[in-house]
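Engineer: no sequence on hand, only this structure:
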Ligand SMILES: NC(=O)C1=CN([C@@H]2O[C@H](COP(=O)(O)OP(=O)(O)OC[C@H]3O[C@@H](n4cnc5c(N)ncnc54)[C@H](O)[C@@H]3O)[C@@H](O)[C@H]2O)C=CC1
Ligand SMILES: O=C([O-])CC(=O)C(=O)O
């Protein structure tokens, strides 16, 4: 192992997602076998004992890439010098709730964590928000961290992206590796817009390969957008291993780059591209390299797509206004 260690903070580390995420991070799934990982794990005080048990299990794996583990309930300490912060800790929704219903319960977590990151994280920190409602929680953290460039905040729509890839592969009898340039636009919520009109399957336009607008509008989009609820219905708990996997995929793509000829979906601070109001944390198609992202420009947007992109932006505007009202931004 030659490279210097990367310090990764995970919040909500004793939770469901944490239980999948930590072991993958520790095993080198993020940056490979040559980069040692220092885990900095944040929990609320009553969960620290359970977290100690998880750390015992991490020890018992004897991962060659795991350099050190620190746990605690003080974000000012845990975020000290971190290069990557994965903000997972937040209450999950239960059956019958929309993710936006969690705003008042979870929003306040992200003011304090935004401030602590602002004051203590490393200069190169990247912050990925998984805890719901992810886009608006990222907005809250970003707004409370004025010294960290806005480009360093992102919310997770990679799980939606992965879900869309899988649905499309099944429908067309292709492999996920054949699918490129799929996009999730907007909010990680039921209003998100999974867009295959610019996607390619084996180099051909995906919507043309599908050849069935009815399936796209009435089956594909709602299946992807409602997948989280379907998992809660089936499992009795919200998705965890897939969310952890997507959290790692998103961070890896951000830090190591998108492949030539493809892009990823990331919810990032809008610069007004595609007429999405500036400052919203909105999922766009992005390319990444050297730890920076760029919104893919120049895609043609038809009336069907425009309506869906605007509807999910409108929901984010309402969430933004609600957290403003709560004094969180
Ligand atoms: N963006 C996405 O694609 C997805 C997001 N999620 C969201 O991720 C979040 C976590 O989900 P689970 O792990 O299943 O929940 P969980 O309830 O199993 O774990 C959450 C953990 O966060 C901790 N926590 C609460 N407040 C905290 C704070 N202030 N600081 C540090 N830790 C804190 C809790 O003690 C708990 O251990 C939920 O909000 C869930 O809705 C879940 C799946 C996908
Ligand atoms: O649906 C939920 O509440 C959990 C989540 O965000 C997902 O599975 O996409």
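Structural biologist: Cool, the structure landed. Predicted model only: the values in this text are computed from it and were never measured. Ligands and ions are numbered 1, 2, ... in the order given.
Engineer: show me which residues of the chain sit near ligand 2.
Structural biologist: Neighbours of ligand 2 within the chain, by Cβ under 6 Å from any ligand atom: 92-93, 99, 132, 159, 228-229, 231, 238-239, 243. No exception for glycine: its C-beta is placed from N, CA and C like everyone else's.
Engineer: show me where the stretch 201-329 of the chain has strands.
Structural biologist: Applying DSSP state E, counting those that start in this stretch to the stretch 201-329 of the chain gives strands spanning 204-205, 264-269, 281-289, 292-295.
Engineer: what would these look like in TSV with mean pLDDT and distance to ligand 1?
Structural biologist: Converted to TSV, the strands of the stretch 201-329 of the chain look like this (pLDDT from 0 to 100; distance: least, Cβ to the nearest ligand atom, whole Å):
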stretch	mean pLDDT	distance to ligand 1
strand 204-205	98	27
strand 264-269	98	9
strand 281-289	98	11
strand 292-295	98	17
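Engineer: residue 21: which of those strands is closest?
Structural biologist: Proximity to residue 21 (Cβ to Cβ) singles out strand 264-269 among the strands of the stretch 201-329 of the chain, at 17.9 Å.
Engineer: run through who's touching that closest one.
Structural biologist: Strand 264-269 has contacts (Cβ atoms under 8 Å, 6 or more residues apart in numbering) with 134-135, 138, 142, 150-151, 153-158, 160-161, 182-185, 187-188, 250, 253-254, 258, 279-288, 293, 295.
Engineer: just the buried ones from those residues?
Structural biologist: Those of these that meet the buried threshold are 134-135, 138, 142, 150, 153-158, 160-161, 182-185, 187-188, 250, 253-254, 258, 279-288, 293, 295, by 16 or more other Cβ atoms under 10 Å.
Engineer: ok so, going back, can you redo the strands of the stretch 201-329 of the chain as CSV with distance to residue 315?
Structural biologist: CSV is the format used below for these (distance: least, Cβ to Cβ, whole Å):
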stretch, distance to residue 315
strand 204-205, 29
strand 264-269, 13
strand 281-289, 10
strand 292-295, 20
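Engineer: what residues are up against whichever residue of the chain sits closest to ligand 1?
Structural biologist: The minimum distance from the chain to ligand 1, using Cβ to the nearest ligand atom, falls at residue 15 (2.0 Å). Residues near residue 15 by Cβ under 8 Å, 6+ apart: 47, 88-89.
Engineer: can I get the residues you listed in TSV with secondary structure, neighbour count and pLDDT?
Structural biologist: As requested, the contacts of residue 15 are exported to TSV (DSSP: H, G, I helix; E, B strand; the rest coil; neighbours: other Cβ atoms under 10 Å; pLDDT from 0 to 100):
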residue	secondary structure	neighbour count	pLDDT
47	helix	19	98
88	coil	27	98
89	coil	25	97
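Engineer: looking at the residues you listed, which is nearest residue 27?
Structural biologist: When these are compared against residue 27 (criterion: Cβ to Cβ), the nearest one is residue 88, at 17.6 Å.
Engineer: for ligand 2, see how far away the closest one is.
Structural biologist: As judged by Cβ to the nearest ligand atom, to the nearest Å, residue 88 and ligand 2 stand 11 Å apart.
Engineer: look up phi and psi at residue 119.
Structural biologist: Torsion angles at residue 119 (phi, psi; degrees, to the nearest 10) stand at phi -90, psi -20.
Engineer: please tell me I have it right and it contacts residue 77.
Structural biologist: No. In this structure, residue 119 is not within contact of residue 77 by Cβ atoms under 8 Å, at 11.2 Å.
Engineer: so how far is residue 270 from residue 242?
Structural biologist: Note on residue 242: its distance to residue 270, by Cβ to Cβ, to the nearest Å, is 26 Å.
Engineer: who has more neighbours, these two?
Structural biologist: Using other Cβ atoms under 10 Å, the more surrounded residue of residue 242 and residue 270 is residue 270, with 21 against 17.
Engineer: list the residues that contact that one.
Structural biologist: 276-282, 284.
Engineer: contacting residues for the residue of the chain at minimum distance from ligand 2?
Structural biologist: Taking Cβ to the nearest ligand atom, ligand 2 has its nearest neighbour within the chain at residue 228, 2.1 Å off. Residues in contact with residue 228 (Cβ under 8 Å, 6+ apart) are 99, 238-239.
Engineer: pLDDT score for residue 96?
Structural biologist: pLDDT recorded at residue 96 is 89.
Engineer: now do the phi/psi pair for it.
Structural biologist: Main-chain dihedrals, residue 96, degrees, to the nearest 10: phi 90, psi -10.
Engineer: all helices of the stretch 151-300 of the chain, in order?
Structural biologist: Assigned helices in the stretch 151-300 of the chain, in chain order: 158-172, 206-210, 213-215, 221-225, 227-235, 241-256 (criterion: DSSP state H, counting those that start in this stretch).
Engineer: next, format the ones you listed as CSV and append mean pLDDT and distance to ligand 1.
Structural biologist: Shown next, in CSV, are the helices of the stretch 151-300 of the chain (pLDDT from 0 to 100; distance: least, Cβ to the nearest ligand atom, whole Å):
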stretch, mean pLDDT, distance to ligand 1
helix 158-172, 98, 4
helix 206-210, 98, 22
helix 213-215, 97, 24
helix 221-225, 98, 12
helix 227-235, 97, 6
helix 241-256, 98, 3
